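Asks: Make a model of this:
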Amino acid sequence: MNGHQAWKAAAAPRGVEQQRLLVVDPRGGVAFDTRARALPELLRAGDLVVVNDAATLPASLPVRTESGRAHELRVATADGPTGWWVVLMGEGDWRTPTERRPLPEPLDVGDAIALPDGTRARVVERSPRSPRLLRIDWGRDDASVLALLYRHGAPIQYSYLRRDLRIEEVQTPFGVRPWAVEMPSASRPLDWAALAALRRHGVQLATLTHAAGLSSTGDDALDAQLPLPERYEIPARTVDAIARAHARGGRVLAVGTTVVRALEGNAITHGGRLRGGTGITALRIDPGFRPEVVDGLLSGVHEPGTSHYDVVSAFAPAALVDAAHEHAADRGLLVHEFGDATLVLPGVAEPAAAAA
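Replies: Residues are numbered from 1 along each chain as shown. Here you go, the predicted model:
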């Protein structure tokens, strides 16, 4: 929490019509808030918006250990080169804050986990990061794992919400590949009307896929290590679109920290040059990081002290970011993935209706 303000989270998903947008211009040193619907007006013809087209899995699964104890299994990384990693939660569900959940039963390599369809998965590795972070063998191919999740799973969610989330509420308009275990929620302001408005304003759109991972486990030591290494795929056409945008003087806006991690992590891997293809990024972005590929960020509103807040602070001076979030708290903007949004972009002019 920053200063005297207590941050509030949305109790239910808010539509774009209700969303506010905190705007931070690191070049002009100004911050203001406006309607999220005003986003297309804040961009210029020639700018490029890059989104994550990962669809969100129902990645929370009720399971039992061999002793019969009920647990919640949350997928941490889905499929891909690193395999299926999961985090085991103790008894209870999302209505109890993760940090207040009882500890799960300790499991070791070879132990079985009873799945809701009557079959069993087995632990094949325990991570040195935490004994609760496990790599498992589902005993079936990856397509069948996805079928199991869609049949018996639910979206991962947290206790500040008031009701169960429906799977369609954690999807974006462009989510097509089932890679994300939590919603790439920075895209929430970009509904079909916003996408049409961006096109009318001459703003282009490009996509990549990043396996958005868990944001919280209730284990302080493990949470401090999030996000975990995650896979991505960057199409060659997106690399070309970024190069063309910069060549014409346009700004590249990353929608969400997953897009920043994929693009900047890829460039670091290739000696500062962005290349298309697949990879895994372990990049952690803190206030000392200086992005080389993207110029701005669209994200949620996040409390000071969180990893997402650190990402925002990489795009603007810390004092300006702190002042902007004091303004957001004073204005009652809401935090977390179903709350309001933050735009950090150089050269943004305040619209006449900013306070409307």
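Asks: give the contact list for Tyr232.
Replies: By Cβ atoms under 8 Å, 6 or more residues apart in numbering, Tyr232 lies in contact with 208-211, 258, 261-262, 265-266, 278-281. Where you see a C-beta, it was placed from the backbone N, CA and C, and this is true even at glycine.
Asks: 6 Å - rerun?
Replies: His210, Ala262, Gly279 (Cβ atoms under 6 Å, 6 or more residues apart in numbering).
Asks: Please narrow the residues you listed to those residing in helices.
Replies: Judged by DSSP state H, helices contain the following of the contacts of Tyr232: Ala262.
Asks: what residue ranges in the protein are flagged as low confidence?
Replies: Low-confidence segments of the chain (pLDDT under 70): 1-6, 351-356.
Asks: So it: which segments form each domain?
Replies: In the domain annotation for the chain, the residue ranges read 8-56+171-344, 60-152 (automatic domain parsing).
Asks: can you redo the ones you listed as TSV with distance to Ser159?
Replies: Output for the domains of the chain, formatted as TSV (distance: least, Cβ to Cβ, whole Å):
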stretch	distance to Ser159
domain 8-56+171-344	9
domain 60-152	5
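Asks: Looking at those domains, which one is packed in the most?
Replies: Highest mean neighbour count of the domains of the chain: domain 8-56+171-344, a mean of 20 (counted as mean count of other Cβ atoms under 10 Å).
Asks: can you pull out the helices in this structure?
Replies: 39-42, 142-152, 192-200, 220-223, 236-247, 257-269, 307-313, 318-330.
Asks: before we move on, the earlier item: considering the contacts of Tyr232, which is situated nearest to Val203?
Replies: Relative to Val203, the closest of the contacts of Tyr232 is Ala262; by Cβ to Cβ it sits at 20.1 Å.
Asks: residues in contact with the closest one?
Replies: Neighbours of Ala262 in contact, by Cβ under 6 Å, 6+ apart: Leu208, His210, Tyr232.
Asks: Which of those fall in strands?
Replies: In strands, defined here by DSSP state E, the members of the contacts of Ala262 are Leu208, His210, Tyr232.
Asks: Can you add distance to Glu350 and give the residues you listed back as TSV?
Replies: Listed next are the ones in strands among the contacts of Ala262 as TSV, based on distance: Cβ to Cβ, whole Å:
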residue	distance to Glu350
Leu208	30
His210	31
Tyr232	34
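Asks: Glu169: which of those is nearest?
Replies: His210 (20.2 Å).
Asks: Can you give me every residue that contacts the closest residue to the closest one other than its chain neighbours?
Replies: In this structure, His210 finds its nearest non-sequential neighbour in Thr258, 3.9 Å apart by Cβ to Cβ, 6 or more residues apart in numbering. Counting by Cβ under 6 Å, 6+ apart, Thr258 touches Asn52, Pro184, His210, Ala212.
Asks: Thr258 and Val51: what is the separation?
Replies: For Thr258, the distance to Val51 (Cβ to Cβ, to the nearest Å) stands at 10 Å.
Asks: Any idea what Val51 is bridged to?
Replies: Judged by DSSP bridges, the bridge partners of Val51 are Thr207.
Asks: Quick one: residues contacting it.
Replies: Applying Cβ under 6 Å, 6+ apart, the residues contacting Val51 are Phe174, Ser187, Thr207, Val255.
Asks: can the residues you listed go into a markdown table with extra columns for distance to Glu41?
Replies: Shown next, in a markdown table, are the contacts of Val51 (distance: Cβ to Cβ, whole Å):
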| residue | distance to Glu41 |
| --- | --- |
| Phe174 | 21 |
| Ser187 | 18 |
| Thr207 | 23 |
| Val255 | 17 |
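Asks: now, which of those sits nearest Val63?
Replies: Ser187 (30.1 Å).
Asks: For Arg129, which non-adjacent residue is closest in space?
Replies: The nearest residue in space to Arg129 (Cβ to Cβ, 6+ apart) is Gln225, at 5.4 Å.
Asks: Confirm for me that that neighbour is in contact with Ser127.
Replies: No - assessed by Cβ atoms under 6 Å, Gln225 is found out of contact with Ser127, at 9.5 Å.
Asks: Quick check: the gap between the nearest residue to Glu99 once chain neighbours are set aside and Asn266.
Replies: Nearest residue to Glu99, sequence neighbours excluded (Cβ to Cβ, 6+ apart): Gly218, at 4.7 Å. Plainly put, Gly218 is 31 Å away from Asn266 if you go by Cβ to Cβ.
Asks: repeat for Leu226
Replies: Look at Leu226 and Asn266: by Cβ to Cβ, they are 20 Å apart.
Asks: With Asp108 instead?
Replies: For Asp108 relative to Asn266 (Cβ to Cβ), the value is 36 Å.
Asks: How about Ala236?
Replies: 12 Å.
Asks: His71 too?
Replies: 36 Å.
Asks: How about Ala323?
Replies: From Ala323 to Asn266 the distance is 32 Å (Cβ to Cβ).
Asks: and if you look at Val50?
Replies: 12 Å.
Asks: got it, and Val30?
Replies: Taken as Cβ to Cβ, the span from Val30 to Asn266 is 32 Å.
Asks: Thanks again, I'm all set now.
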